[in-house]
Structure formats: C-alpha cells, structure tokens
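Undergrad: what follows is a predicted protein model with its sequence.
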Amino acid sequence: MQSWRRKALWLALLTSWLLGLLGVFPLLRLAVPTRPRAESPKGWPRWLDAELLQSFSQPVELPEDAPQSPLAPHNGSCNWGACFDASKCRGGGFKVFTYPAADPISETQRRILASIEGSRYHTFSPAEACLLLLSLDASAGECSPGPPQWNGGKNHLVLRLHSASCSQTFQLGQAMVAEASPTVDTFRPGFDVALPLLPEAHPLRGGAPGQLRQHSPQPRVALVALAEERGGWRMAGTNSSACLWDGRCEQDHGRKQTHPGATLPNATFCLIPGRRPDASRFLQTLQAGCIPVLLSPRWELPFSEVIDWTKAAIVADERLPLQVLLAALQEMPPTRVLALRQQTQFLWDTYFSSVEKIVHTTLEIIQDRILGVSAHPSLLWNSPPGALVALPSFSTSPSDFPFYHLQQGSRPAGRFSALIWVGAPGQPPLKLIQAVAGSQHCAQILVLWSSEKPPPPRWPETAVPVIVMEGPRKVSDRFFPYSAINTDAILSLDAHSSLSTSEVDFAFVVWQSFPERMVGFLTWSHFWDEARNGWGYTAKRSNEFSMILTSAAFYHRYYHTLFTHSLPKALRTLADEAPTCVDVLMNFLVAAVTKLPPIKVPYGKRRQETRTPLAPRGLGPAPADQDCINQMTTGFGQMPLVSSRLRLDPVLFKDPVSVLRKKYRSLEKP
Amino acid sequence: MCAAVKYNIRGPALIPRMKTKHRIYYIALFSVVLLGLIATGMFQFWPHSIESSNDWSVEKRSVRDVPVVRLPADSPLPERGDLSCRMHTCFDVYRCGFNPKNKIKVYIYSLKKYVDDGGVPVSSAISREYNELLTAISDSDYYTDDIARACLFVPSIDLLNQNTLRIKEAAQALAQLSRWDRGTNHLLFNMLPGGPPDYNTALDVPRDRALLAGGGFSTWTYRQGYDVSIPVYSPLSAEVDLPEKGPGPRRYFVLSSQMALHPEYREELEALQAKHGESVLVLDKCTNLSEGVLSIRKRCHKHQVFDYPQVLQEATFCVVVRGARLGQAVLSDVLRAGCVPVVIADSYILPFSEVLDWKRASVVVPEEKMSDVYSILQSIPQRQIEEMQRQARWFWEAYFQSIKAIALATLQIINDRIYPYAAISYEEWNDPPTVKWGSVSNPLFLPLIPPQSQGFTAIVLTYDRVESLFRVITEVSKVPSLSKLLVVWNNQNKHPPEESLWPKIRVPLKVVRTAENKLSNRFFPYDEIETEAVLAIDDDIIMLTSDELQFGYEVWREFPDRLVGYPGRLHLWDHEMSKWKYESEWTNEVSMVLTGAAFYHKYFNYLYTYKMPGDIKNWVDAHMNCEDIAMNFLVANVTGKAVIKVTPRKKFKCPECTAIDGLSLDQTHMVERSECINKFASVFGTMPLKVVEHRADPVLYKDDFPEKLKSFPNIGSL
C-alpha cells in the first residue's frame, strides 16, 4: 500500500514537473509580454488589429486640397524652371553669345572663348542667343561690372574657373554658375554646372590621351596612391595602410619629382584628401587610369548632372577609419576594378582631356535641359563613344545608333541602301547597279547625280527601287543625311567603282558584326613623314592600313548625320576643295569616334590596279593633298587614325577545298 | 530543465523522511498545480487559437494596448530642420562602421501612445501604411533589435500625414526618444507634408538633423544627397486589381484624371480638349452618382462615367498636375497603368530622383508651358513612347507598388550613400528585367589596342608527353612577342624533368605543378601571368608556324575582348532531334575556336575559375572534355561577341594521326561534344555563341605581291 502510494506520488510529481515545464514558459510569456526573448529577434509586432487600422490618407482629403497659385522663387535662389527662359532657344536652336573678354585675359579664359567661338553653337548677336556666357576671371585681377545685356542674369551662364573673389561685385541674380569643384552646399543641382579644376596648361583641342595601356591592373602595381600636399603621389602596397599616413614608408615616388603635378600616379586607386587644392588632382587620376577615391563628399563632381560617377570613382567618407576603406578596396571584385578603370579613361578622353571638350560638355548639358524629353539618354552620356558624338537630334533610342547594340540586346537591321555618287563625267553606273541590286541584302539604290549632264531617262530594271537625286553638289554632300536613306547600313559607291554581288554580300555580313566601323575594299595607310615633319598617307599596298576609301565602303547611316552636323564647317570646306580629302575626313571622323581601325574585306584581283577616281594618278594622293591630312590633324587636335594588320576573309577563302563548299566562291575568281 | 533534474535527483532522499500529513499536503499541492496548468492551457489555446499557429516568436497585442507616454507641455522641442545638412555633416557614419556585408542596420523604436498633459493623444493611431512600412523594415535584412549596433533609427511615431498629428507635440515626442541626439541618424517618413493655407513642401514637424523621406519635396526644401524623395503611396495599388496592359497606341493621347485641379489648370486642359478633340480627355468628379458607388473610383466627362483607375489604361500620356501639394498619389496610379506621366509641377523633386532616371519614364513640362503640352508630346517618336510606357510600368512594379517597395528602396538609397563602393548601379535601378536579360555589358568595353611590346604568356598544359612538350616549347619560343612561358605540369605521379634537360629559350620559363589532374588547371589565373594576353597551347601543337602565332597575337591586340584561335568549330540546331549539335566539318561559318591554341585576355581565366555559372567547371573536370567549349560559351556570354578565327588552319592533327584515331572514336567524340553544348546551353539558359562567316588573314594574304615584302609570309596550310 505504502509503496503503491509512494509510486503514485512519484508519478504525480513527475507529471506535474513535466506539465509545469510545458506550461510555465507560455505562462511567463503571457505574464511578462514586453520582455525581449534572448534567442530570436523580436521585430516589429504583428498587431492583432492590424486589419482594422485606418489608411494614412482618407480619400476625401487626398487630392482635393485647396487650389494655389504658383510658388514664388524663394529668396533669390533659382531653379531651372523659374530662372531660365527656354522660349528664347526655340527659334534658331541653341545659340551661345560670349561677351568679349576684358583685358588682361588669362590663357585658360582665352582658350575657353576660342573653343566656343569655333563651335557650332556660337552666334555674334546677343539678341538671337539663347544663352549668354560671361567669363569671370578672378586671376586676371579685375572684375568687370555687369555687362550690357545682363537683364538680371536671366539666361546667363557665369563661368568661374577659379574660386571667385569677385562674385560680390555684382549680383549674380538669375544667372547659372559654372564653377570648378563647387561645394555641395552652394551648388544648385539642375541649375548650376560643376566643372573640373583645370590646370593652367590644359590644351585647347585634342588633348593627351588616357595613360591606360591595358584593361586590367598590372600585377604588383601599388594598390593605392595618396595625393601629397606638394603635388606628388605617395604609393603604398596592399598591406601598408598605416604607413600611408605617418610617412614611414620609403617607397614614395612622388617626392622625387621636381615638378609638382607633373607626375601621374601608377596605382590602382588614388586617394584624394578633402582639401580644396587637391581637387586639381582629380583630373590627373582620371588621365592616369587610377580610380579616384575622394575622401570628401563635399565637392560636387564635374558634370555630375549627366555623368554617373559611381561607374568611375568612389566617394568615401573621410570620417570612416581608413582601414575600413582600404579593406573594402582590397576586397573589391576584379570585375568592378576593371570596369572602374576603363570608365576613368573613357570619361577623360571624352569630356575632360581638352578645354574644347569641357566647354562643349557644359553647353551640351544646358542644351539637354532645354531639349527635355529629346535630350541624351543617360546611356549615351555614360558609355563610349560619349554624348558629344552621339547626337540626340539623330535619335533618342540608343538602338538606332551603331554603338549600343550590345547594351540594348539589339542588332542592326538586315538591309542596306546603296548610295552611288555620279560625278562630272556623268556615266550612268549600269553594271554597278546590277551587281549591287543582285545582293539579297539590298533595300534600295540611291543615285546622287551631280553631273552637268542630265541623267538618263531610263534605268535598268532591278529588284529594288532606284531613286535618282539630281542637282550639282559639293563633294561633302555625298555624306548628307538624306531622308531617303531608311536603312542602318549605307553602301557608299562611286560611279567608277566595280564590285561583284558576292563582294557586296560578304562585306555586308561582316559589317553586321562591326556596325560602328567602316568596312571596305580599298585602303590607304598613314605614316609619319620624318622628312617633311608631318603626316603623310599613301595608297601603296602594304602590310597595314588605316583608312577605307568611301568609293566602296559600308558604314552606318549615323555617320552622315555626324559628318554634316558635328564637324566644324572649316573642315568640310577643306574637304570640298581637295578631292581626296573627303575620304580622309570621313575616316578621321569614324576613327575619332570609335578609336578603332576600319575593316578591310577581300577585293577581286582584276581591279586592284584601277585606283579610285579620288586619287586619279594611280599611286596615292597628289602632294597638294598631303596637306589635307595635316590640316585635319590640327582640326581634330590629334591623329585619330588607327592601323590594322588584318583583313577579314570568308572562312574558306582560297582554301584548297572543293569550290562547292564555299559560299562566296566568286570572290576568288581571278 | 536543469532545476527539474536537480529536484528529481534529490527526490528519493526526501520522500521517505516525509510524514503522512505532509503527503496529504503534497497531494493537495499537486492538484492545485494541475488545476492551474489546465487553466493556463485553456487560456493559452482557447481565445486566440487562430493566430497562435502561424508565428510563435512574435508577440500578439492590439495597437491600442501599448504603453502611454505623457509629454509635459514644457518638454524639449527639437530645432527646425537644418537645411544645410549633408551626409558628411549631420550623419554619424561611425555608428555604421561595425556592420558586416556593407549593410546598414536599422532599429525601430517600439510603439508608444503619446498624450499631452491633458491626456489628449498627440496623433491618431498608427496608420495601416506606417504599420506595413515598419513591418517591411523589420522583415528585411536591414533590421536589428539591438539598439547599440544600429546605424539608423526609425521612430514608430506615424508622421506619414501631417494633418493627423499635432506638430509641436509630435516634435516633443521625437525629442524624447532614447537615442534622439538632435535627430542624428534618425529617419522620418512623411508622404503628405504641409497644411493649409501655405502647404509647405516638407514636413513641418521640427526635426533637427533627422533625415526625411518625404513625398512632395520641392527644390527649396529638399536637401540633395541627404533627404530621400519618396512617392505618395496610392491605396488603390492594393485595393484594385489592374492587369498589365502592354505598350502601344491607345485611345486617348492625353488624359487628365485628377479631381481637384486649380481652375486655371483645368481651363488650360479644357482648352486643349477643345482644340484637339477626341484625343484629349479631361475628367472630373462625378456629381450625379447613385448611392453606394464609391466616388473615388469613378470619373466623369459631361455625362459619361469612367471607371478609375481603369480609364488610365486607355491613354498614352496622363497629366499629373500639382495640387496644393507637389506630390500626388495619382502618379502611382498612372505609372501602374503604363501611361506616361506628364508632370506639371514646377520644382517638384520626383520620387527617388537620386537613383531613378525619370527622363526615361516621364515628361516634365514647366507650368507656364502647359498650353504647349500637346505639341511637346507629339514630337516624341512612337518608339520612345513605348519605351517610356514600359519604363513607367517597371518603376511602379519595382518602387511604387507597395509600402514595402517604397521602404526598401529608401533604405537602399541610404545604404548606397554610406557604402558607396558597394552601391547598386544605375542599370540595376533603372533597367527593366527584360532589358537586363537581353543586354550584355562587355567587361572589356574600352576600345583599346594594347601595346605590342607587352607580348603574351604562353601556357602549356602537359601530363607526361615530355618530348612533344619540349618541341612545342622550342617552336613557341621563336615567336617574337612571347614574353614568358608557363608549363602547367598536371601529373601528380611524376616529377617534371630536371631543369638542365629543358630547352634553353630566350624568355623566362616557369613550371607550375598542380595538386590534381584537372582540365580546368589550364584556365587558372596564375600569378605568374604578367601579360594581358594569354596563349593557351596544348603540348602536341607543333604545326603552327611562328608567323601564324605572331599574327594571332597581332589579331588579338585588335580584338582583346575575344577568343582568337585557329581551327574553328560550329554549333548547329538539329531540327530532327530538337537539340544542339557540334559540327567540325569545314563549313562557311564558325562560332567557336579550339583552345588547343588560342589567344585571350587573362581576365577570362579569372572568370572561368571563379565565375563560371552552374556546375560547368566540375562537369568539365569530371568528363575530362569540353573545357574549350565552356570557355567559348563563357566569353561569348559576357562579351556578346563572336570569336575570331585566324588563318586557314582547320585542324591540329597531322593527316596520319586521323587514320589512327579511327572513325568510331571520332563519332563518340562528336556525340560527347554535342552533349557538352546542350548541357552548357541549358546551364546558361540561352545560347550565347555567335555565328560569323569571316576569319582574319594578314592584309596581303594570298595577294599577288612579293612574298618577301609580306609581314607574315609563312601562314601555314590547313
């Protein structure tokens, strides 16, 4: 009995403990609801009555607020809508008037004015101008009083390249300010323009190319370089984060330089401290292909309105411990480093390497604001070849341009328009038309009849339409963006050119793989002529080439727009005067945009000897024309041509295999 | 648990000593405990058995059942918002220093009910949206419940609608938060700022240095790079089911659906309607709706009644004019309908404008140009309009659709500011998924021709064919641009020959021994590779001439982002079998080159080793085959470009070798290779290979020209 009771007692005791264990915890939870639980994060509670909560806005009160008159500009600060009158820009397009500079004038300022006066935007009449540009030059010592057409600063852009002491002499009013490295506190986004801090000796045109010679960082190159106060750079390897600051490292290459600022850093990342004079280092690092790491977010980066700096630079907070930053840099994936490095070079070459580019970028930004919807899309600003050579007047759809097919996942359209130039002799190119029309890719044939003789009344029957456009034309008119051209590809031809259907077909298929380049048959190459101390070019056959003759070449129709609307008039006039020059100019243009050589495809042997009519005396241009290439080089500010040593042939070209296997067999006929 | 065990152990010693009356006492005690337990169980499971099943970790309460905090009338008030605040002046980054993975940590204050001295609440109860917002943050990776580790603090005081709160008292409530510290690192959310009559464009509650995520900022109140401009959430987003309508021409060109328009603006719009007729539709409130119909869901034009927001899908452009406030909820409805918003609100900072490219999804027209709206819109080409319609819908889906989307986008923006080196790119923010899928961003996008002087590194993978290897080394060392030779010794059972036995060549020769005999060792990014150009070459490729190799390198310099190789191969779609087929016949097209001898950028070694999608790398090592096809896939996929086949070379084997291989071996080989292509295409999810019809030859190849004047006279045969 005793034992039974004892057992029962035991059982009861055990079960009660068990139940207690099960029960006490929930009980505790109920009793002490706000105590946090150690093991799992509490989070925001799921309220029992969450479903019953009211919405933050009751339909009745939401949109029906009281009507109100337009806001007045707040005490003098301006934004684009309030302080710029875009209606003045609609008539004649975007025209810029510059006030004549007061003496003395600094070199930088002179270059800026010169580059505007040489641009397509310039006008001499302040009345028809949409933008009036006033250059304030503090370094010149004196400040000019308010200019005659000031009008409270409306539609004015005040250029302030040096930290201005002079802005107080008259009220800036409603004028926009283009200033070098402004601080974010005073900068008005969407209204002011941030410029880079220019070195005194910045070239007017062309400019030094980027220093990057390879895509990826060289092994064993310093990870970071730090800008020093005296203008040099102090290199540091990956593990010496401490020595960067206390100066214990011995490997500083910067100090050896006597010229402050002359040296370019050779490192993957360049740390630029927040002191204002260091802002000038920013351009240096871009040129060097060293990824700028700004240790101060206080400056507005140059052209930040359009340039996506996250793709090329890192803005870090100087207050964070340096070790954190260095660790982040060291751990940055190679893919990102690669992309950042390349972007620095692209930005340098496109927007910063010369005064002209900086000025044009500034004006393009303001023009984009006026254009609104039809402005450059962001992609055009931030990927090669850049917004200065991607005109939004051509199209705002990136896939219409030859440059963005990869990013857009698109392809150029599968047809081409043949454009045949008939010059003075006035021979209708009947055989050529037959050969070209025989191509399955041909959409239409346009004949530019610029001979004195009238065109024949009848043209051969072809599968594609033949459109004759009459009228005497200048040579450069062959590159006019005729509205009749409705395909992406243009096959530019001369009446004398002789091509077979096979050649046309193959060249077009190759062009589809390289829509941004010129693909052609006859080539020239350029060379440095020591004797004449200038550039020369020759039609002699050699192991390399750099130009494609436009008497038989495929290229994208966009280049017609670019040729006509972006080249300085002086260069086009030059091309009209010297006949071979127009080929040089077109090749310069395409090479300057793509930075790549053109592409040569095979050309039947039988006609190798008959040179292009543009170079009538067989081997190369007349001596007078040789000047053309040098004048072009001056006009472009650099020699853009790039040589190639290869030719693209069909895969089975001249192989000892059965002819029946070959798709382009007639290419090989003697 | 521990305690229980302890008692049980002590139990047997205790009980025998107990007296009988104690036993009764114990039994009574147990029954009390038992009864208590039953009661607890009842209380636990009975009243709210529905919720208790889904989430045990979170407490269950009512929002009315929260601690009450009494604010004395003289409790401190924060200063007004500091307009000069920037991240580097007003934000304390040190608090964000600890966080791993470059992610900020956000703490949410627990919900309290604030009342003034008289016991009158400071604001109405938390709104549904603010509760959703805090839930979204709490469910996200950003959340922490450890106040000491937090970098950003979100008060639970609901400030979404300024009209529902008492400004001074709400500010006092903010000021007494435990980590307020002048509002440093505090993030406030507000969608409807200001109040009559002047409607400020930012929240009027004094907030000192706190960041404001506000709807309806103007350029005057927005602190660029500090505040975040957010949308005004439209409750219709959740209430109405509106299936997506694709882009394309729609019935109305321009539509205005807002009910309360300034009379001046309405006049302007009606003038447009009068001028352009059918294509413009200006809707207004309905006056004669029958009882029970929600007026918010109907719009009228004369006597015609339209369903809202469905009617928005009938229009190409939808006007969004500012009311008293700049931010309008209608923007969200318009985007959702795939209608391109025409924003007429001077100085309005569009939502998330720091990261979103609104030029791609909207048209901003200055108020004074309102009469020109029609002609401005007409000048936009149809292609661009459709692009904008798609973009508008995508913005809604990604950033407007729900309170959660708005909250997470806001936190991501702040996160990107604090960890700029880990920030999300423009493309990730702005490109719709279809574009992201179709587009390729070439990792070597800069048009750059590397200098010839750099040369290339030849990498020879070898197992034990020493004699053949030495011949390859001797041959390759004759190529002028070779700068280093790397032998990858893939045989773990055998030592490489002694140093003295190796051929003497003019460039450095390094031997790397591998840990395992794997094919992928040939594509490893060895530290010894100092040049950008890499020539991968097998230990039996002795037929390539020096001219041929040098020319290959020259071609690579002109196409540094491509695979440049000798024999080309092709992939074909087999219609009968509905799958891909490998083709080694001598065709007119190529889509791959063999890596038995191929030039490429060393970056692709990094990609092959560390970024190869799926299990391809292991698969190749397991099958001991197809590493070259995998490389072709990888390069074509990241660059979107075709290979370059160089010179007429069609195969690596000498004619007599093919006879030994035999036909059957050849066939199994082809089947295996086809399998590889199908496997890789399924892993990549697409067929990245590009087919071309060209190969690269020297400019004067087979031209009638003196051989001795040609740069590369000795280009081999097939």
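TA: Happy to help now that I have it.
Undergrad: and the residue of the stretch 451-600 of chain B nearest chain A?
TA: residue B:588 (4.1 Å; Cβ to the nearest Cβ). Where C-beta positions appear, they are placed from N, C-alpha and C, glycine not excepted.
Undergrad: nearest spatial neighbour of that residue, skipping sequence neighbours?
TA: Nearest non-adjacent residue to residue B:588, counting by Cβ to Cβ, 6 or more residues apart in numbering or on different chains: residue A:663, 4.1 Å away.
Undergrad: what number of residues lie near the one you found?
TA: Residue A:663 has 16 neighbouring residues, counting by other Cβ atoms under 10 Å in any protein chain shown.
Undergrad: check it and give its pLDDT.
TA: Each residue has a pLDDT score; the one for residue A:663 is 93.
Undergrad: which residues touch it?
TA: Going by Cβ atoms under 8 Å, 6 or more residues apart in numbering or on different chains, residue A:663 touches A:650, A:652, B:588, B:693.
Undergrad: would you agree residue B:188 falls within a helix?
TA: No - under the criterion used here (DSSP: H, G, I helix; E, B strand; the rest coil), residue B:188 is strand, not part of a helix.
Undergrad: wait, it sits on residue B:207?
TA: Yes - between residue B:188 and residue B:207 a contact is recorded at 6.0 Å, counting by Cβ atoms under 8 Å.
Undergrad: more neighbours: which of those two?
TA: A count of neighbours by other Cβ under 10 Å puts residue B:207 above the other of residue B:188 and residue B:207, at 27 against 23.
Undergrad: distance of that one relative to residue B:172?
TA: Residue B:207 sits 12 Å away from residue B:172, going by Cβ to Cβ, to the nearest Å.
Undergrad: now residue A:393
TA: 57 Å.
Undergrad: with just CA atoms, put stretch B:347-366 into PDB.
TA: Extracted in PDB, the C-alpha atoms of stretch B:347-366 (Å, rounded to 0.1, in the frame of the first residue of the first chain):
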ATOM      1  CA  SER B 347      10.400  72.500 -58.700                       C
ATOM      2  CA  TYR B 348       8.900  69.100 -57.700                       C
ATOM      3  CA  ILE B 349      11.600  66.500 -56.800                       C
ATOM      4  CA  LEU B 350      10.300  63.300 -58.400                       C
ATOM      5  CA  PRO B 351      10.300  60.200 -56.200                       C
ATOM      6  CA  PHE B 352      13.700  58.500 -55.700                       C
ATOM      7  CA  SER B 353      15.200  61.000 -58.200                       C
ATOM      8  CA  GLU B 354      18.600  60.400 -56.700                       C
ATOM      9  CA  VAL B 355      18.700  57.000 -58.400                       C
ATOM     10  CA  LEU B 356      15.800  56.800 -60.800                       C
ATOM     11  CA  ASP B 357      16.200  58.300 -64.300                       C
ATOM     12  CA  TRP B 358      12.800  59.900 -64.800                       C
ATOM     13  CA  LYS B 359      13.700  61.100 -68.300                       C
ATOM     14  CA  ARG B 360      13.100  57.500 -69.300                       C
ATOM     15  CA  ALA B 361       9.600  57.200 -67.900                       C
ATOM     16  CA  SER B 362       8.000  60.700 -67.800                       C
ATOM     17  CA  VAL B 363       7.800  64.100 -69.400                       C
ATOM     18  CA  VAL B 364       8.300  67.100 -67.200                       C
ATOM     19  CA  VAL B 365       6.600  70.200 -68.500                       C
ATOM     20  CA  PRO B 366       7.000  73.600 -66.900                       C
END
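Undergrad: touching chain A at all, it?
TA: Yes - using Cβ under 8 Å from any Cβ of the partner chain, stretch B:347-366 reaches chain A at B:347, B:357, B:359, B:360, B:363, B:364, B:365, B:366.
Undergrad: gap between the residue most central in space within chain B and chain A?
TA: Nearest residue to the geometric centre of chain B (Cα atoms, centre = their mean): residue B:428, 4.8 Å. Using Cβ to the nearest Cβ, to the nearest Å, residue B:428 is found at 11 Å from chain A.
Undergrad: leaving out the residues flanking it, which one is nearest to that residue?
TA: Computed as Cβ to Cβ, 6+ apart, the closest residue to residue B:428 that is not its neighbour in sequence is residue B:436, at 7.8 Å.
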